[in-house]
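Enquirer: Structure, please.
(2 chains)
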Amino acid sequence: MKIEDLISKYLEGETTPEEEKYLREYFSKEDVTAELVHYKYLFGFYAEEKNYELSKDFDNRLLESINKTNVIKLRNYRPILRYSAIAASILIIFGLTYYFVYMNHNEIKSNKVLITEKQIKGTNSTEIQTPVEVKTKINPIKSIGIAKTFTKTSPTAKHYRKLTPDEKFAFTKTRQALNVAFSELEKNEKKMNKISPFDNAIQDINRHSKFDETINKIKSIIGG
Amino acid sequence: MELNDFKYYIIPFKNMMYRLALRLLKNKEDAEDAVQEAFMKLWLKRYELKIEGNLQALAMITTKNLCLDKLKGNRKQIISLDDDDILPDNLTPHARLEEIDIRNRIEAIIDAFPEQQKIIIHLRDIEGLSNDEVAEIVKMNKNAVKVALSRARTRLKNELAKQFNYIKNEN
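Expert: Modelled structure (predicted):
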């Protein structure tokens, strides 16, 4: 392509950057005719304009400014984050401690963990145990009651007797399902909270006279 | 994007940004301040910057907008650029004067362009960007860029030719 054609293409804005690079190179090297000499100056001007650069220490000044924003960030935000993290950790530690310390206490109120019920082999007896070992250390159980007699409705205070820690109870399953209720006795026994009344028909076989016998029987069966 | 990526992907545009700022603000200190400011704007947005995004366009748009805002805000008196430091050293004093004179003439013609044309011809003919790249920076479609570019180039050529004839006739 003749240089004049390339120039008119250039003036129309149709040249590619590569063609323009060629034009710049052409006018930087060649001696051009008087008609085209202004292009020589123009492209020369463009090439020189590209030599303008920021002063050498610009990067340092920029990075300094950037660091200043970081310092401000550190002062304003990071400590908040840090203290939040510390506060959160403390909360978690307290939370977990509370959980482990009081969970057992709370479990007294639930019927899920407190009672472990075990069918004794070869009999229709069921052993029920309160996990008192755990609790006696932290929160001695003084107020657990076990129903002596059960009705379909919730047990009342008079049906309960206090348990000593680490006590095992054995019940014989009758045809009706055996159910046990534990309650937490408040100062006033009447204010007893119902904890784990099972909703089936209940028959208490845990009369005082038979209680020790049953335990002994179970011990002999389990070999304890 | 953290500092290392910022240094690696954004800061390299500094001189391109500087030259655009210089073209628009006509003053080295102002241009340098504008670039610094543009970088700080980009730095504050660093978490939104994606390495795979068009960071060149973003850097140039930020610079352009900042400069146009500055121009709108205060029309400072135009101080001509100090040409001495970018001209080749091997020129005779006479040639040097002539060169400076021609440079000033070209500079003056471009300065008289509307801002958008000025930016387009700067990015295309000085920075050597493509029409696509320019279109993204000036937020025009490709065709409009081409038309504006053609207009600017033709005008520049005509003005320059006129002045050269004038110089010739003067001598």
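Enquirer: From here on, just use CA atoms for contacts and neighbour counts.
Expert: Fine.
Enquirer: near chain A, which residues of chain B show up?
Expert: Neighbours of chain A within chain B, by C-alpha under 8 Å from any C-alpha of the partner chain: B:14-15, B:18-19, B:32, B:36, B:39-40, B:43, B:86-87, B:102-103, B:106, B:124-130, B:146-147, B:149-151, B:153-154, B:157, B:160-161, B:164.
Enquirer: Any buried residues in the biggest helix by length in chain B, and which?
Expert: With secondary structure taken from DSSP state H, chain B has its longest helix at helix B:142-170. Neighbour-count burial for helix B:142-170, with 16 or more other C-alpha atoms under 10 Å in any protein chain shown as criterion, is recorded at B:142, B:145-146, B:148-157, B:160-161, B:163-164.
Enquirer: Tell me the residues on chain A that lie near chain B, please.
Expert: Proximity of chain A to chain B (C-alpha under 8 Å from any C-alpha) is limited to residues A:10-14, A:16-17, A:20-21, A:38-39, A:41-42, A:45-54, A:62, A:65-66.
Enquirer: From these, which land in helices?
Expert: A:10-11, A:17, A:20-21, A:38-39, A:41-42, A:45-49, A:62, A:65-66.
Enquirer: now those residues: which count as buried?
Expert: A:10-11, A:17, A:20, A:38-39, A:41-42, A:45-49, A:62, A:65-66.
Enquirer: farthest pair in those residues?
Expert: A:38 and A:66 (44.6 Å; C-alpha to C-alpha).
Enquirer: returning to that earlier point: can you give me the angle the longest helix of chain B makes with helix A:37-49?
Expert: Counting by axes from the mean of the first three to the mean of the last three C-alpha atoms, to 10 degrees, helix B:142-170 points 120 degrees away from the direction of helix A:37-49.
Enquirer: I'd like the average pLDDT over helix B:142-170.
Expert: Average pLDDT, helix B:142-170: 84.
Enquirer: domains in the chain, as residue ranges please.
Expert: This is for chain A. A:3-49, A:58-106, A:111-222 (automatic domain parsing).
Enquirer: try again with chain B
Expert: According to automatic domain parsing, the domains of chain B span B:3-73, B:91-170.
Enquirer: Let's have the ones you listed in CSV, adding distance to residue A:85.
Expert: CSV is the format used below for the domains of chain B (distance: least, C-alpha to C-alpha, whole Å):
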stretch, distance to residue A:85
domain B:3-73, 22
domain B:91-170, 43
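Enquirer: Pick out the residue of chain B closest to chain A.
Expert: Chain A sits closest to residue B:150 of chain B, with a gap of 4.6 Å, by C-alpha to the nearest C-alpha.
Enquirer: if I pick that residue, what's in contact with it?
Expert: By C-alpha atoms under 8 Å, 6 or more residues apart in numbering or on different chains, residue B:150 lies in contact with A:10, A:11, A:12, A:13.
Enquirer: Return the member of those residues nearest to residue A:28.
Expert: Nearest to residue A:28 out of the contacts of residue B:150 is residue A:10 (C-alpha to C-alpha; 16.5 Å).
Enquirer: Phi first, then psi, for residue A:23.
Expert: phi -60, psi -50 (degrees, to the nearest 10).
Enquirer: which element is the residue nearest the centre of chain B on?
Expert: What sits nearest the mean C-alpha location of chain B, by C-alpha atoms, centre = their mean, is residue B:20, with 2.8 Å. Taking DSSP states H and E as the definition, residue B:20 sits inside helix B:14-25.
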